[in-house]
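>>> Need a 3D model of the following:
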Amino acid sequence: MPINGRVLFSLGLAALAVFAIVSASSWPLKARLFPLVTAIPLLVLALVQLFLDLRGKAEATDSPASDLALSTDVPPAIAQRRTLLTFAWMAAFVALVFLVGFPLAVPLFAFTYLMFQSAEGFWRSLALTVAAWGFFYGLFERMLRLPFGAGVVQIWLGL
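The predicted structure follows:
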């Protein structure tokens, strides 16, 4: 029974799925539908992968793991910087959702990203932000009537 990075990753995904299922189980049906639809298959697949990892069969590979050839013309330092920047933007979005909730996080993040990372002009950033917010609001709030929880800031302020 080898405990390696694959086993720990599969366990982590299974634990994340269980947490999502347990957390969402007390929510109203419309609110818990999306977490359950994604977390239950994640749990099943993570447990299958965990079983395969614990069986410990070595993969027989005589060929590369992927046929995809990555670009080698970017220096590793620049590639690492770009990767870290991408993860920083993703972490910022998650933090923004936590702090102000989805309905405010989507336009704030879209505008900030377009202005600073993509270097778009003010009017183009504003137009694309309004389009993203309109799509988000129209789809989730108006058509699907999915309630989004308030962010921590709204809860602290009593809004």
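>>> contacts for the helix or strand of the chain with the lowest mean pLDDT?
One helix or strand of the chain scores below all others by mean pLDDT, DSSP states H and E: helix 152-157, with a mean of 85. Identification of contacts with helix 152-157 by Cβ atoms under 8 Å, 6 or more residues apart in numbering yields 98, 99, 100, 101. Any C-beta I mention is one placed from the backbone N, CA and C, and that applies to glycine too.
>>> same for the helix or strand harbouring residue 82, what does it pack against?
Using DSSP states H and E, residue 82 maps to helix 76-100. On a contact count with 3 or more Cβ pairs under 8 Å, 6 or more residues apart in numbering; DSSP states H and E, helix 76-100 meets helix 102-112, helix 152-157.
>>> okay, those, which one's buried deepest?
For the helices and strands packed on helix 76-100, ranked by mean neighbour count under the definition mean count of other Cβ atoms under 10 Å, the leader is helix 102-112 at a mean of 18.
>>> angle of that helix against helix 76-100?
Interaxial angle of helix 102-112 relative to helix 76-100 (axes from the mean of the first three to the mean of the last three Cα atoms, to 10 degrees): 150 degrees.
>>> any idea how far helix 102-112 is from the chain center?
15 Å (Cα atoms, centre = their mean, to the nearest Å).
>>> Can you mark which positions in the lengthiest helix in the chain are buried?
Secondary structure of the chain per DSSP state H: the longest helix is helix 29-55. Residues of helix 29-55 classed as buried by neighbour count (16 or more other Cβ atoms under 10 Å): 32, 35, 39, 42, 43, 46, 47, 49, 50, 53.
>>> Which single one of those is nearest to residue 142?
residue 32 (20.2 Å; Cβ to Cβ).
>>> got a list of what the closest one touches?
Counted by Cβ under 8 Å, 6+ apart, residue 32 has contacts 24, 25, 26.
>>> Assess the claim that residue 46 and residue 17 are in contact.
Yes - the pair residue 46 / residue 17 is scored as a contact, 6.0 Å apart, by Cβ atoms under 8 Å.
>>> low-confidence ranges in this structure?
1-2, 57-71 (pLDDT under 70).
>>> how about 90 then?
Residues of the chain meeting the criterion pLDDT under 90: 1-7, 25-35, 52-80, 101-104, 106, 118-120, 132-133, 136-159.
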